[in-house]
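Asker: Sequence plus the predicted model coming up.
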Amino acid sequence: MGRLLPLIFRNLTFLFGIGFLAPLVAQTLERTLPSISGTPWPLIVGLVIGGGWGAIAQKTGRWV
């Protein structure tokens with residue numbers, strides 16, 4: 001537990017990108033294009049965008 005918490009806090013921006021931004025992007029895509037609801041690709045697109053943005057924020061130290 002002592003090694004896990006620092007690891008989580010060190011990668012918090014990436015986890016935020018995966019855990020919050022990815023579902024938000026996927027839900028926005030499904031609301032915008034209702035015909036794609038039920039297919040897996042909005043979540044994949046959300047994971048790529050959210051994970052990529054989180055990884056960039058982790059590397060650079062800022063979101064913008």
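Answerer: That came in fine, so what should we check first?
Asker: Quick one: low-confidence residue ranges for the chain.
Answerer: For the chain, no stretch has pLDDT under 70.
Asker: Just the helices from it, written as ranges.
Answerer: Using DSSP state H, the helices of the chain run over residues 4-10, 12-16, 22-32, 41-60.
Asker: list the buried ones in the second one?
Answerer: Along helix 12-16, these residues count as buried under the neighbour rule (16 or more other Cβ atoms under 10 Å): 13, 14, 16. All C-beta atoms are positioned from the backbone trio N, CA, C, and that covers glycine.
Asker: Let me have these in a markdown table, adding distance to residue 28 as columns.
Answerer: Output for the buried residues of helix 12-16, formatted as a markdown table (distance: Cβ to Cβ, whole Å):
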| residue | distance to residue 28 |
| --- | --- |
| 13 | 20 |
| 14 | 20 |
| 16 | 17 |
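Asker: Return the member of those nearest to residue 63.
Answerer: Nearest to residue 63, judged by Cβ to Cβ, of these is residue 13 at 7.7 Å.
Asker: Residue 11 reaches residue 58, doesn't it?
Answerer: Yes - counting by Cβ atoms under 8 Å, residue 11 does reach residue 58; the two are 6.6 Å apart.
Asker: Could you count how many residues lie near residue 59?
Answerer: 10 (other Cβ atoms under 10 Å).
Asker: any idea how far residue 7 is from it?
Answerer: 17 Å (Cβ to Cβ, to the nearest Å).
Asker: picking up where we left off before, list just the nearest of the buried residues of helix 12-16 to residue 48.
Answerer: When the buried residues of helix 12-16 are ranked by distance to residue 48 (Cβ to Cβ), residue 14 comes first, at 13.3 Å.
Asker: Next one: that closest one from residue 26, what distance?
Answerer: Residue 14 is 17 Å from residue 26, where distance means Cβ to Cβ.
Asker: now swap in residue 6 and tell me
Answerer: 30 Å.
Asker: One more: residue 52?
Answerer: Applying Cβ to Cβ, the value for residue 52 to residue 26 is 14 Å.
Asker: same thing with residue 53?
Answerer: Per Cβ to Cβ, residue 53 is found 14 Å from residue 26.
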